[in-house]
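**Student:** Any chance you could fold what I've pasted below:
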Amino acid sequence: MSKEFTFTIKRISFDENYHPADSTRITTNFANLARGESRQDNLRNTLKMINNRFNALAHWDNPKADRYAVELEIISVDIDIEGNGQTFPTIEILKTNIIDHKNNQRIEGIVGNNFSSYVRDYDFSVLLLEHNKDKAEFSLPENYGELHGNIFNSFVNSNTYKNNFSKAPVICLSVSSSKTYHQTANQHPVLGVEYQQDEYSLTDEYFAKMGLQVRYFMPPNSVAPLAFYFRGDLLSEYTNLELISTISTMETFQKIYRPEIYNANAVAGKSYRPSLKHQDYSLTRIVYDREERSQLAIKQGKFTEEQFIKPYKTILEQWSSNYVAV
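**Tutor:** Okay, here's the model as predicted:
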C-alpha cells in the first residue's frame, strides 16, 4: 500500500468580478477570459451565453426562458507530497450550481466540466514533445499518463473529494480533430444524438487512465458533438438539470475557444470530422488569443517539470508504481 498524499480544496466564484489567483493556470478557459481590457465584458457575456443556453435546453415550465441561472465555482486542488504543508497546484475544475428563480431554490450541479492540470501540461507540452523530437514515427513514452491518472484517481477517491462533492465528476471537452465520428440511432432528451468513433483519441486514452470513460453527444440545436468523460452511468446517475448545467457551460466555452467547430454555420452530418481549419463559422463577441494559450501551455509544463516532477521524482515514481485505484 502506497502512502496517501493530502489534498486541499479552494473555491472561488466565477462571476463578472473574477480575478485569477496567482496559482491559477493562465491557459485555463475561465482565467484566459478574465485578463486584459475586455475582461469584464468577456465575463458578463460568457455568463449570459451560459444562462441563455441553459434556459433554451430547460424549456419545460419556463415560458419566458428566464427561470434558471447558472452559478460557477472554480475548484482549485493542491497536493501535499511530503506532508509538510508545502503544496503544488494540481487540478482545477468547475462546479455548477443552478438557481431556480421560480421556486427560489439553489440546486447542486455537476463538478468537473472544465479540466485543467499542470501535470497534463507537462505530459502533453514537454514530455510528449521531447520524446518524439527527431523521430520519424510518433510514439508514447513508457507509462505515459499514469502518474497524472493516479493523482486524479487518488483525489476523486479521497475523503477531501467525498466530503465536498456528492457525485463523481463529469468532464466535457471538444471532440478530437484527428478522428471521425458517426451518428447513432440513440438519442437522449437533453444530451441529444449520440455519436461514436472507430478508435480512441490520445485524449480519450489519457482520460481512461484517470478512470474515466467517454461518450459523445450532440445536444439539441448544437452544431457538433461534445465529448463527455465520466465514471459510472452518465445517463442514469445525473438529473436533466445537472446535465444541462454542464452542456450550457462547456458548449459556451467551446463556442469561444473553438468557433470553427462549435460555432460553425452548418450542423455536423451523420459522419463528422471536426476541423479547426473550417472557415464557415461565426465569432462570439468575446476576446481570446488562442496562440498565446498554446505558448503558455509549454511554459507551464516546464514550470511543472522544475517545481514538481524533478524535485519529487523518486517519491512520485514509487507512489505511482504502487498505487491501486479503488
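
**Student:** contacts and neighbour counts: CA atoms only from here.
**Tutor:** Noted.

**Student:** Surely Asn42 and Ile286 touch.
**Tutor:** Yes. Between Asn42 and Ile286 a contact is recorded at 5.2 Å, counting by C-alpha atoms under 8 Å.

**Student:** Show me which of those two is the more surrounded one.
**Tutor:** Asn42 (23 against 17; other C-alpha atoms under 10 Å).

**Student:** That one - that's part of a strand, no?
**Tutor:** No. Under the criterion used here (DSSP: H, G, I helix; E, B strand; the rest coil), Asn42 is helix, not part of a strand.

**Student:** from what I can see Asn186 touches Gln196, true?
**Tutor:** No. Judged on C-alpha under 8 Å, Asn186 makes no contact with Gln196 at a distance of 10.3 Å.

**Student:** and those two? which has more neighbours close in?
**Tutor:** Gln196 (17 against 10).

**Student:** Run a quick neighbour tally on Trp283.
**Tutor:** No Trp there; residue 283 is Leu. When neighbours are counted by other C-alpha under 10 Å, Leu283 comes out with 14.

**Student:** mind listing what it touches?
**Tutor:** Lys255, Ile256, Pro259, Asn263 (C-alpha atoms under 8 Å, 6 or more residues apart in numbering).

**Student:** Tabulate those residues (JSON lines), appending neighbour count.
**Tutor:** Compiled in JSON lines, the contacts of Leu283 are given as follows (neighbours: other C-alpha atoms under 10 Å):
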{"residue": "Lys255", "neighbour count": "21"}
{"residue": "Ile256", "neighbour count": "23"}
{"residue": "Pro259", "neighbour count": "21"}
{"residue": "Asn263", "neighbour count": "23"}
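
**Student:** out of those, what pair is the most spread apart?
**Tutor:** By the measure C-alpha to C-alpha, Ile256 and Asn263 form the most distant pair in the contacts of Leu283, at 8.1 Å.

**Student:** in the stretch 151-300 of the chain, what spans have low per-residue confidence?
**Tutor:** Scanning the stretch 151-300 of the chain for pLDDT under 70 picks out 287-294.

**Student:** how does it look with 80?
**Tutor:** Scanning the stretch 151-300 of the chain with the threshold set as pLDDT under 80 gives 278, 285-297.

**Student:** quick one, helices of it?
**Tutor:** Under the criterion DSSP state H, counting those that start in this stretch, helices of the stretch 151-300 of the chain are mapped to 159-164, 202-208, 240-257, 259-262, 290-304.

**Student:** will you turn those helices into JSON lines that also has distance to Tyr229?
**Tutor:** As requested, the helices of the stretch 151-300 of the chain are exported to JSON lines (distance: least, C-alpha to C-alpha, whole Å):
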{"stretch": "helix 159-164", "distance to Tyr229": "18"}
{"stretch": "helix 202-208", "distance to Tyr229": "7"}
{"stretch": "helix 240-257", "distance to Tyr229": "12"}
{"stretch": "helix 259-262", "distance to Tyr229": "18"}
{"stretch": "helix 290-304", "distance to Tyr229": "22"}
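
**Student:** so which of the ones you listed is the most packed in?
**Tutor:** helix 259-262 (a mean of 24; mean count of other C-alpha atoms under 10 Å).

**Student:** who's in contact with that one?
**Tutor:** 222-224, 251, 254-255, 274-284.

**Student:** Among the helices of the stretch 151-300 of the chain, single out whichever gets nearest to Ile98.
**Tutor:** That would be helix 240-257 among the helices of the stretch 151-300 of the chain, by C-alpha to C-alpha, at 7.2 Å.

**Student:** Output the closest one in CSV, but only the C-alpha positions, please.
**Tutor:** The C-alpha coordinates for helix 240-257 follow below in CSV (Å, rounded to 0.1, in the frame of the first residue of the first chain):
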residue,chain,number,x,y,z
ASN,A,240,-31.5,16.5,-16.6
LEU,A,241,-30.8,19.9,-14.9
GLU,A,242,-27.4,18.7,-13.8
LEU,A,243,-26.5,17.6,-17.4
ILE,A,244,-27.9,20.9,-18.8
SER,A,245,-25.6,22.8,-16.4
THR,A,246,-22.6,21.1,-17.9
ILE,A,247,-23.8,21.4,-21.6
SER,A,248,-24.6,25.1,-21.3
THR,A,249,-21.3,25.9,-19.5
MET,A,250,-18.9,23.9,-21.7
GLU,A,251,-20.6,24.5,-25.0
THR,A,252,-20.3,28.2,-24.3
PHE,A,253,-16.6,27.9,-23.7
GLN,A,254,-16.2,25.8,-26.8
LYS,A,255,-18.0,28.4,-28.9
ILE,A,256,-15.4,30.9,-27.7
TYR,A,257,-12.3,28.7,-28.0
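
**Student:** on contacts alone, who are the packing partners of that helix?
**Tutor:** Packed against helix 240-257, as judged by 3 or more C-alpha pairs under 8 Å, 6 or more residues apart in numbering; DSSP states H and E, are the following elements: helix 39-57, strand 87-100, strand 105-117, strand 170-174, helix 259-262.

**Student:** what's the angle between it and helix 39-57?
**Tutor:** Angle, helix 240-257 to helix 39-57, by axes from the mean of the first three to the mean of the last three C-alpha atoms, to 10 degrees: 140 degrees.
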